[in-house]
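Visitor: give me a 3D structure for the following:
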Amino acid sequence: MCEVTEPDAERVGRPHLNRTFLVSFLGAVVRRMGGWMPTAGAIDLMGQCGVDATSARTAIFRLKKRDWLVAQATGGMRGYALTELAARSLDAGDDVIWHARKPADLKAGWCIVHFSVPEAARARRHQLRAHLASLGFGNVGTAVWIAPARMLPAAESAIAELELERHSAVFVGDHVAGQDLGVLIQEGWDLESIDRRYHEFIARFSGLAEDRRGGDSSRPRQAFVTYMSVIDHWRKLPFRDPGLPREVLPPQWAGHEAVALFERIVERFEGRALAYAARYWEPPGD
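Guide: Prediction:
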């Protein structure tokens with residue numbers, strides 16, 4: 001049986017991991033609480049998940065500098081509210097994360113991005129490559145990236161954010177001839193690596209779907225820690241997987257099983273976890 005009982009030791013003192021965990025916390029918990037969090041309560045809850053107080057404060061400070069958080073007191077408690085930028089970014093992340101749930105329709109076609117960025121702007125060229133890769137685009141040629149057609153808005157946003165519209169072209173169309181589509185997909189994405197990560201998720205968390213203690217009212221803290229661990233691990237997986245059509249995936253693709261497992265775990269733990277977290281939003285003396 002899988003049970004998350006101890007803080008993730010590798011997370012403590014790791015700035016990047018702490019920041020990504022805070023993003024998971026903002027998306028899974030803070031948005032559900034109205035887009036505001038009490039500082040002390042958030043730090044306490046993150047501490048229960050293995051992020052020490054100093055690291056939690058540092059992660060909050062860094063997201064504040066990135067204009068994701070703004071200081072705001074509510075009900076006599078100091079805290080932070082999500083900015084519009086944070087809300088948009090989290091919503092956009094949801095679009096990417098949940099693509100893994102619904103494989104794209106092959107008949108809808110493909111979004112193709114081509115760019116030719118001058119050497120003077122090479123830093124932005126590298127940023128665009130990294131951004132497209134993080135969105136789940138596959139690299140199929142020199143400065144040519146593709147993804148299912150539904151990724152068009154994400155591609156346009158990435159290009160506009162870097163102000164590279166004059167140096168980029170975006171198309172949506174079908175694969176009609178030439179190189180075999182299956183071969184093209186294999187070359188454009190590291191499907192073996194993505195599949196392996198899904199298998200690792202299944203191996204680590206499969207027991208939780210049958211853990212009847214997830215709904216046990218005597219274990220609310222454990223339900224919260226478990227829920228956040230699952231959310232934080234899952235959130236990273238689909239960013240390399242844009243939800244490719246089933247027709248071009250390997251026959252034993254583990255993504256489908258991983259998605260079903262994730263949904264079962266969320267259904268089992270979410271209510272109890274959020275009810276536990278909500279206690280930390282209560283003003284002192286209530």
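Visitor: touching, Ala258 and Ala203? I think so.
Guide: No - with contact defined as C-beta atoms under 8 Å, Ala258 does not reach Ala203; the gap is 10.2 Å. The way it works is simple: take the backbone N, C-alpha and C, and place the C-beta from them, glycine included.
Visitor: between the two, which one's more packed in?
Guide: Here Ala258 and Ala203 are compared on neighbour count by other C-beta atoms under 10 Å; more neighbours surround Ala258, at 24 against 11.
Visitor: skipping adjacent residues, who's closest to the more buried one in space?
Guide: With C-beta to C-beta, 6 or more residues apart in numbering as the criterion, Ala258 has its nearest non-adjacent residue at 4.1 Å, and that residue is Tyr198.
Visitor: and that neighbour, how many neighbours?
Guide: The local packing of Tyr198 (other C-beta under 10 Å) involves 23 other residues.
Visitor: Phe201 contacts Trp234, correct?
Guide: Yes - using C-beta under 8 Å, Phe201 makes contact with Trp234 at a distance of 6.7 Å.
Visitor: so which elements touch the longest helix belonging to the chain?
Guide: Residue-count comparison of every helix in the chain, with assignments taken from DSSP state H, identifies helix 255-278 as the longest. The elements that helix 255-278 packs onto, with contact taken as 3 or more C-beta pairs under 8 Å, 6 or more residues apart in numbering; DSSP states H and E, are helix 191-205, helix 220-236.
Visitor: for the closest residue to Asp190 other than its chain neighbours, what are its contacts?
Guide: If the residues on either side of it in the chain are set aside, Asp190 comes closest to Arg240, at 7.6 Å by C-beta to C-beta, 6+ apart. Arg240 makes contacts with 133-134, 136, 189-190, 193-194, 197, as judged by C-beta atoms under 8 Å, 6 or more residues apart in numbering.
Visitor: next, format these as CSV and append pLDDT.
Guide: CSV is the format used below for those (pLDDT from 0 to 100):
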residue, pLDDT
Ala133, 89
Ser134, 83
Gly136, 84
Trp189, 91
Asp190, 90
Ser193, 91
Ile194, 90
Arg197, 93
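Visitor: just the buried ones out of those, please.
Guide: By neighbour count, with 16 or more other C-beta atoms under 10 Å, these hold 136, 189, 194, 197 as buried.
Visitor: which residues in the stretch 1-150 of the chain form strands?
Guide: Under the criterion DSSP state E, counting those that start in this stretch, the stretch 1-150 of the chain contains strands at 36-38, 69-71, 79-82, 110-115, 138-141, 144-148.
Visitor: flag every buried residue along the next helix or strand after the last one.
Guide: Yep, that's strand 144-148 we're talking about. Beyond strand 144-148 in the direction of the C-terminus, DSSP states H and E gives the next helix or strand as helix 152-161. Buried residues in helix 152-161, defined by neighbour count with 16+ other C-beta under 10 Å: 152, 154-155, 158-159.
Visitor: wait, Ala53 sits on Ile43?
Guide: Yes - taking contact to mean C-beta under 8 Å, the distance of 5.3 Å between Ala53 and Ile43 places them in contact.
Visitor: neighbour count for those two, which is higher?
Guide: Residue environment comparison for Ala53 versus Ile43 gives the larger neighbour count to Ile43, 20 against 12, counting by other C-beta under 10 Å.
Visitor: distance check, the nearest residue to the more buried one once chain neighbours are set aside against Ser157.
Guide: Nearest non-adjacent residue to Ile43, counting by C-beta to C-beta, 6+ apart: Ala56, 4.6 Å away. Applying C-beta to C-beta, to the nearest Å, one obtains 30 Å for the distance of Ala56 from Ser157.
Visitor: with Thr74 instead?
Guide: Remark: distance between Thr74 and Ser157 (C-beta to C-beta) = 31 Å.
Visitor: for Ala223, same thing?
Guide: From Ala223 across to Ser157, the span is 36 Å (C-beta to C-beta).
Visitor: one more: Pro251?
Guide: 34 Å.
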